[in-house]
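Engineer: what's the 3D shape of this:
(chains A and B, ligands or ions: 2)
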Protein chains: 2
Amino acid sequence: MEITRSNFKDTLPKVYKAIEEADFLAIDGEFSGISDGPSVSTLTNGFDTPEERYTKLKKHSMEFLLFQFGLCTFNYDNTEAKYLMKSFNFYIFPKPFNRNSPDKKFVCQSSSIDFLANQGFDFNKVFRNGIPYLNQEEERVLRDQYEDRRSQSNGASTMSYISPNSSKTPVSIPDEQKGFIDKVVERVEDFLKNEQKSMNVEPCTGYQRKLIYQTLNWKYPRGIHVETVESEKKERYIVISKVDEEERKRMEQQKQAKEREELDDAVGFSRIIQAISSSGKLVVGHNMLLDVMHTIHQFFCQLPDELNEFKEVTNCVFPRVLDTKLMASTNPFKEIIYNTSLAELEKRLKEAPFKPPKVDSAEGFQSYNTASEQLHEAGYDAYITGLCFISMANYLGSFLSPPKDYVSCRSKIVRPFFNKLFLMRIMDIPYLNLEGPDLQPKRDNVLHVTFPKEWKTSDLYQLFSAFGNIQVSWIDDTSAFVSLSQPEQVQIAVNTSKYAESYRIQTYAEYIEKKNDESQT
Amino acid sequence: MEITRSNFKDTLPKVYKAIEEADFLAIDGEFSGISDGPSVSTLTNGFDTPEERYTKLKKHSMEFLLFQFGLCTFNYDNTEAKYLMKSFNFYIFPKPFNRNSPDKKFVCQSSSIDFLANQGFDFNKVFRNGIPYLNQEEERVLRDQYEDRRSQSNGASTMSYISPNSSKTPVSIPDEQKGFIDKVVERVEDFLKNEQKSMNVEPCTGYQRKLIYQTLNWKYPRGIHVETVESEKKERYIVISKVDEEERKRMEQQKQAKEREELDDAVGFSRIIQAISSSGKLVVGHNMLLDVMHTIHQFFCQLPDELNEFKEVTNCVFPRVLDTKLMASTNPFKEIIYNTSLAELEKRLKEAPFKPPKVDSAEGFQSYNTASEQLHEAGYDAYITGLCFISMANYLGSFLSPPKDYVSCRSKIVRPFFNKLFLMRIMDIPYLNLEGPDLQPKRDNVLHVTFPKEWKTSDLYQLFSAFGNIQVSWIDDTSAFVSLSQPEQVQIAVNTSKYAESYRIQTYAEYIEKKNDESQT
Ligand SMILES: Nc1nc2c(ncn2[C@@H]2O[C@H](COP(=O)(O)OP(=O)(O)O)[C@@H](O)[C@H]2O)c(=O)[nH]1
Ligand SMILES: Nc1nc2c(ncn2[C@@H]2O[C@H](COP(=O)(O)OP(=O)(O)O)[C@@H](O)[C@H]2O)c(=O)[nH]1
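Structural biologist: Ligands and ions are numbered 1, 2, ... in the order given. Presented below is the predicted three-dimensional model:
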């Protein structure tokens, strides 16, 4: 089901219900870009520490926009022994909801945009009809402003434009505005004498509107209601209407109700994430670190600087997550799954020893055909991710005695895969552990090498040819990590390089130490 | 006429011809945003110096994308006494043209995107089908790379992947790759014995491909042609084919021709700007400073830091420009034109004493209906701008003796409006003078005031109430310029503020001096 700004409010109850009744949820996001800094491969160096990886992603990926969010809910029907799924594809765009709301900027990366364009991605739907959102801080600020206005206007009149100390004294009007204001006052005098209910003042500047508010408020503390209205052409003009006290209050209340509704509309898509969060349901994703980071960043709060704090925030927002890429790369799956990219994984899990899961789309929801791929629509990717999770979870049932065909997502046997996010291309730390400290590989077979930028991988192989099998992880074009097969060789390599001029070798430990020193000063 | 990547190459001759035969050109750009920093109003403070304004626009506006470019050519037909116009609406997007081309990033500003969305702007056309471009530096780098490859491949074989010193010696292949490479060599041996013309190697990593190139080049210096091909799924794999020397050369030439064509395609829209530039024709725009800056920035070169250098570059790229907003704000028009925004100006110029210009669309070109506005399509805005110019130029003819109904854009009487770009909202410097130093108003009636951020405009009016008529230009929320009606009052104001605690007043000259001091240290 496709959800844009046009049908968001109407479908909200449907989405809430789907989340409520689900056994687990699958999610996926599409972004306007991945990396604004170094190449994607440098962004994901093979010997990053989890802290480094987090810091790089935060720095180089968060100014892109998450503009499509796929949510697929899975609900197990015991009597039919099958899952019922509901899939939602949300288009998201930070449309400024009024003049005072943040005018957000986001970066687009041409390669990502081009990639999505080739998949038939509908950018018009995003930009013309995306659902807005606010993070919690923005929501709080707006709610406070709203409360301020509300408590003020419980007083004598609409005071919102009047500074506290100027309402009792005549307004000081600069000479060049006097003519304008006098004319307005004259028109209001006429208006008060005639039969009309309301009158419009011609469009004018914000400053002139302020002067009008102040003047009229001082001259006519009751009996009229003054309001700024925006025309279709986005011109702002003042409307003055005659009211008795009761009517004024009613209009005030109407205005407040409207403002409240506008505010809820502005919170928009964040309400979905809040519902997912407070449901406490298991949230499944594929290679989901960036999805989690973007989701928190856009809809909750600025990402913290420290990895540990990020883990805490994530535990609050998503108390239980499961990454199917991590699951597929872990025993017992690792042995029998060679390619863990989403499309390949999905195909693999249709074959023995796995069993294709029994999943039907719930009534009124579109069904996807996994034979004709629709990859990179977020809703479809979320669906596929859910299928992969079900197949792998059920496969775990074959290890139980007696073996079981169906394993619930609440089963103990699935628990070990919770709250571990796959770390792309890190050789010796498979996942980010959200529940505690991360694995700390010794890396005592790793060297850090600096060299002239003309060097190629082959030069590195040549340099270390005496040490047999090596692995190279490029950092940038003048440095790389090189891992040797034997830790004992490390010191020999460092020693033989002492007098080299064109390149420099140090141990991984030395490199980390220097790096930490630098970051402390 | 709408021009996207699909019809760009085919319509290029048409565009060149239109430019060639035109009397003058009108242009307009649409951007993904305006200001990434302070609010638009702080970006355009009323007392900016031209240098400050340029620096602010360069810093806060250039990372947005110019993604629609309107070009309208006007050609005067003497016998019919009317203009023939051709209008082109180009969609522009920096699609990366191969793996090595720059992966450009650009910023979008939600308010601008939302504004265009409301006008029915077609983002899909931009992102799916926009015309690519390169600036001159990027073009140079790619042409150099292309030349390098060409001169290399005139040698014995396709050397592009081989470092100079490793082609003569056997390749050192790391242990874990030996099995893979051995298998490839074995398959090539079989292939050389059988009847097939070519064989594919299974998709593999870039490093493996490099090893294959090196190994095959060393083992089979002639007789085969090795090439990397990209599949539809974007997988890169190697194709090996049998060739005699002649055939190899032919293939090489074919490849070069294809690369050359790809390169021309990549230069894309920049070719239009180059054609406009070298035509030397008068280029008309409305409020065109940002258009000029973006055009140079995207299609020519990085903008220089200094305003003077920017003027030089602009003179090279656009030897003659005319800004209709500046023209309309200058005498004799200033007296009879009150609103110089494009839409209003166009309406005004249909009424006396102006005469609506006689303009027909050339054969095969769509005509626009100015009654049903289509504002904010770049091609239409360029068209309207051209109309405005014609009306105003012709009006100047009424001052000639004998009066003339038609004034050519080459007439001396138009010359004073050349090469002056309108400066938005600067009170006392109407334009940026591209032909020399800018006007230097004394601003000896201007004060720079700092105050607590709770202050409102009314507080400033209060503070200066003794001095009569003042004008306020906000800088940020704790400072503003205040201009007094009499320069003599300035020193009095500064003196009376000596002991004030909450605010500080200095003269404009003092403020500039301090600012210059700061920028020098
Ligand atoms: N000097 C040098 N630098 C390289 C080479 N290969 C990669 N690099 C650098 O390492 C970074 C990561 O490279 P890689 O992991 O191969 O992925 P890529 O960026 O997608 O080509 C690149 O952006 C380069 O800065 C090479 O052969 N020589
Ligand atoms: N303290 C204070 N700052 C103001 C006021 N009005 C404007 N500013 C500041 O000056 C900047 C420019 O204001 P203005 O020219 O009115 O345009 P705006 O940004 O579109 O409202 C704003 O972004 C504020 O930082 C005011 O009444 N009080």
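Engineer: Next secondary structure element downstream of the longest strand belonging to chain A?
Structural biologist: Using DSSP state E to define each element, chain A has its longest strand at strand A:66-77. For strand A:66-77, the following helix or strand on the C-terminal side (DSSP states H and E) is strand A:82-91.
Engineer: Could you list the buried residues of the longest strand of chain A?
Structural biologist: Taking 16 or more other Cβ atoms under 10 Å in any protein chain shown as the neighbour-count basis, strand A:66-77 is seen to contain the buried residues A:66-76. Backbone N, C-alpha and C define where each C-beta goes, glycine included.
Engineer: Which member of those is positioned nearest residue B:183?
Structural biologist: Closest to residue B:183 out of the buried residues of strand A:66-77 is residue A:70 (40.3 Å), distances taken as Cβ to Cβ.
Engineer: For that closest one, give me its contacts.
Structural biologist: By Cβ atoms under 8 Å, 6 or more residues apart in numbering or on different chains, the contact list for residue A:70 reads A:26-30, A:87-90, A:377-383.
Engineer: Which of those residues fall in helices?
Structural biologist: Residues of the contacts of residue A:70 located in helices (DSSP state H): A:378-383.
Engineer: by contact count, what packs against the helix or strand residue A:513 falls within?
Structural biologist: Using DSSP H and E, residue A:513 maps to helix A:508-520. Packing partners of helix A:508-520 (3 or more Cβ pairs under 8 Å, 6 or more residues apart in numbering or on different chains; DSSP states H and E): strand A:446-450.
Engineer: Lowest-confidence entry in the contacts of residue A:70?
Structural biologist: Summarising pLDDT for those: the lowest-scoring member is residue A:377, with 86.
Engineer: Run through the bridge partners of the closest residue to that residue other than its chain neighbours.
Structural biologist: Distance criterion Cβ to Cβ, 6 or more residues apart in numbering or on different chains; nearest residue to residue A:377, sequence neighbours excluded, is residue A:89 at 6.2 Å. Under the criterion DSSP bridges, residue A:89 forms beta bridges with residue A:2, residue A:70.
Engineer: What residues does residue A:98 make contact with?
Structural biologist: Contact partners of residue A:98, counting by Cβ under 8 Å, 6+ apart, are residue A:262.
Engineer: at 7 Å what do you get?
Structural biologist: When the contact criterion is Cβ atoms under 7 Å, 6 or more residues apart in numbering or on different chains, residue A:98 has no partners at all.
Engineer: Can you give me the pLDDT of it?
Structural biologist: In the predicted model, residue A:98 carries a pLDDT score of 75.
Engineer: circling back to that earlier point, out of the ones in helices among the contacts of residue A:70, which touch ligand 1?
Structural biologist: Contacts with ligand 1 within these, counted by Cβ under 6 Å from any ligand atom: none were found.
Engineer: thinking again about what came up before, using PDB, list the CA coordinates for the longest strand of chain A.
Structural biologist: C-alpha atoms of strand A:66-77 as PDB (Å, rounded to 0.1, in the frame of the first residue of the first chain):
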ATOM      1  CA  LEU A  66      15.600   9.000   3.900                       C
ATOM      2  CA  PHE A  67      12.800   9.600   1.400                       C
ATOM      3  CA  GLN A  68      11.100   6.200   1.100                       C
ATOM      4  CA  PHE A  69      10.400   4.000   4.100                       C
ATOM      5  CA  GLY A  70       9.100   0.400   3.700                       C
ATOM      6  CA  LEU A  71       7.200  -1.200   6.500                       C
ATOM      7  CA  CYS A  72       6.000  -4.800   6.300                       C
ATOM      8  CA  THR A  73       4.100  -6.300   9.200                       C
ATOM      9  CA  PHE A  74       3.900 -10.100   9.600                       C
ATOM     10  CA  ASN A  75       1.200 -11.700  11.700                       C
ATOM     11  CA  TYR A  76       1.200 -15.500  12.200                       C
ATOM     12  CA  ASP A  77      -2.100 -17.200  11.800                       C
END
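Engineer: Could you pull up the mean pLDDT of that strand?
Structural biologist: 97.
Engineer: continuing past the helix or strand residue A:178 falls within, what's the next helix or strand?
Structural biologist: Per DSSP H and E: residue A:178 is located in helix A:175-193. Counting by DSSP H and E, the element after helix A:175-193 in chain order, helix or strand, is strand A:198-200.
Engineer: neighbouring contacts of that next one?
Structural biologist: Residues external to strand A:198-200 that are found in contact with it (Cβ under 7 Å, 6+ apart): A:187, A:191, A:237, A:239-241.
Engineer: So which of those residues wins on neighbours?
Structural biologist: Ranked by neighbour count under the definition other Cβ atoms under 10 Å in any protein chain shown, the contacts of strand A:198-200 are headed by residue A:240 with 22 neighbours.
Engineer: Could you tell me how many residues sit around whichever residue of the stretch 351-500 of chain A sits closest to ligand 2?
Structural biologist: Taking Cβ to the nearest ligand atom, ligand 2 has its nearest neighbour within the stretch 351-500 of chain A at residue A:378, 35.8 Å off. Close neighbours of residue A:378, defined as other Cβ under 10 Å, add up to 27.
Engineer: My guess is it contacts residue A:71. True?
Structural biologist: No. With contact defined as Cβ atoms under 7 Å, residue A:378 does not reach residue A:71; the gap is 8.4 Å.
Engineer: Can you tell me how far the closest residue to ligand 1 within the stretch 101-250 of chain A is from residue B:491?
Structural biologist: Minimum separation of the stretch 101-250 of chain A from ligand 1 (Cβ to the nearest ligand atom) falls at residue A:111, amounting to 11.3 Å. Distance of residue A:111 to residue B:491, given as Cβ to Cβ, to the nearest Å: 60 Å.
Engineer: Burial check on the residue of the stretch 401-521 of chain A found nearest chain B, number of neighbours?
Structural biologist: Across the stretch 401-521 of chain A, the shortest distance to chain B (Cβ to the nearest Cβ) belongs to residue A:469, at 4.4 Å. The burial count assigned to residue A:469 is 14, neighbours taken as other Cβ under 10 Å.
Engineer: tell me the pLDDT at it?
Structural biologist: As predicted, residue A:469 sits at a pLDDT of 80.
Engineer: could you pull out the strands for the stretch 301-450 of chain A?
Structural biologist: For the stretch 301-450 of chain A, the strands defined by DSSP state E, counting those that start in this stretch occupy A:321-323, A:359-361, A:420-422, A:431-433, A:446-450.
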